[in-house]
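A.B. asks: coordinates for the following, if possible.
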Amino acid sequence: MRTRFDAPDNEQENHLLFDRLSALDIAAFVVDGVDLSPGTAIPSDGDPRIDRALAGFLFTCGPDHIRHPEPIAGRGEGTRYPLHGSLAGTPVKHTHMSADTTLCIATVEVNLADGGHALLERRWHVDADRHEVMLEDRLTNTGAGAFPPMMMYHLNIAGRLVGDATRITSPSFAEGERAWRFGEGESAHFCIPASVGAGGWSEVALSPLVGAGGKCLAVRFRADTLPYLQMWRCQRGAADVISIEPASHRLAKRPELAAAGELQLLEPGQTQTYALAFGVS
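C.D. replies: Predicted structure coming up:
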């Protein structure tokens with residue numbers, strides 16, 4: 001997908017490279033010749049699906065589990081959800097790109113780890129008025145039993161593009177902003193409730209990207225189905241990446257979420273929708 005955003009004193013051309021072998025996630029996001037994705041500068045958890053996905057600009061975690069593996073209830077001892085859920089590494093069933101390359105739609109049939117099935121319908125499109133790319137996802141339970149949907153979107157930025165002056169800004173922070181190198185040590189993360197703004201959307205931005213001409217990456221996401229802002233960074237060995245991760249659930253183990261009533265079931269035939277948007281200016 002190619003986008004060109006025009007302004008009175010600037011013309012910016014962006015390119016998105018989709019990964020048809022991994023749910024039509026984004027393998028590369030090139031802005032004025034600079035790829036924002038981390039590429040090989042990532043840590044490995046030993047799962048080739050995630051190694052491939054994490055190297056790209058955006059990958060989708062879910063729809064049956066997010067974060068690291070946990071036991072699957074009722075499936076026998078030692079049976080666990082795969083790292084970051086079942087979607088990563090799933091090829092798309094069908095895609096269609098508009099003639100002007102500003103719209104791309106796809107369907108992905110997902111085999112869930114507990115034996116169920118789901119259909120993910122994706123719609124990528126360019127909003128020229130807002131100078132951003134938007135993703136709209138519709139998840140349908142196509143299996144015979146209910147399951148609690150969980151989704152997280154990882155927007156991965158190459159650490160080589162940030163610098164000492166780079167800040168994360170968001171109304172979700174009490175202080176309004178914080179340094180990009182949050183936490184202690186070589187790797188850190190946080191997960192906080194997302195502040196709800198205009199139209200029920202939450203916002204976060206990372207700027208300046210000193211390795212990309214001082215540009216600003218702005219991300220918006222629907223806070224009703226993605227009510228948490230998670231972020232992660234890793235500067236360990238050859239790994240150098242920072243990630244913005246809108247999430248459906250707080251950072252807690254599945255039994256704790258279930259006990260608190262936070263694993264709401266999606267019955268057969270029912271749907272859940274998610275949306276996010278991003279742009280560079």
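A.B. asks: isn't residue 267 right up against residue 146?
C.D. replies: Yes - Residue 267 is within contact range of residue 146, at 4.8 Å (criterion: C-beta atoms under 8 Å). Just so you know, the C-beta spots here come from the backbone N, C-alpha and C atoms, and that holds for glycine as well.
A.B. asks: the two: which is more packed in?
C.D. replies: residue 146 (14 against 10; other C-beta atoms under 10 Å).
A.B. asks: could you find the closest non-adjacent residue to that one?
C.D. replies: residue 265 (4.1 Å; C-beta to C-beta, 6 or more residues apart in numbering).
A.B. asks: ok, now residue 39?
C.D. replies: residue 55 (5.5 Å).
A.B. asks: ok, that neighbour - contacts?
C.D. replies: 27, 37-40, 42, 156 (C-beta atoms under 8 Å, 6 or more residues apart in numbering).
A.B. asks: what of residue 267?
C.D. replies: Residue 267 makes contact with 141, 146, according to C-beta under 8 Å, 6+ apart.
A.B. asks: then residue 113?
C.D. replies: Taking C-beta under 8 Å, 6+ apart as the criterion, residue 113 is in contact with 64-65, 72, 80-82, 85-86.
A.B. asks: out of those, who's the most crowded?
C.D. replies: For those, the largest neighbour count, defined by other C-beta under 10 Å, is 29 neighbours, found at residue 65.
A.B. asks: which phi and psi does that one have?
C.D. replies: Main-chain torsions, residue 65, degrees, to the nearest 10: phi -160, psi 150.
A.B. asks: contacting residues for it?
C.D. replies: Residue 65 neighbours (C-beta under 8 Å, 6+ apart): 81-82, 84-86, 113, 150, 254.
A.B. asks: now tabulate those in a markdown table and tack on distance to residue 96, pLDDT and secondary structure.
C.D. replies: Shown next, in a markdown table, are these (distance: C-beta to C-beta, whole Å; pLDDT from 0 to 100; DSSP: H, G, I helix; E, B strand; the rest coil):
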| residue | distance to residue 96 | pLDDT | secondary structure |
| --- | --- | --- | --- |
| 81 | 31 | 97 | coil |
| 82 | 29 | 96 | coil |
| 84 | 27 | 97 | coil |
| 85 | 25 | 97 | coil |
| 86 | 24 | 98 | coil |
| 113 | 29 | 97 | coil |
| 150 | 28 | 98 | coil |
| 254 | 36 | 96 | helix |
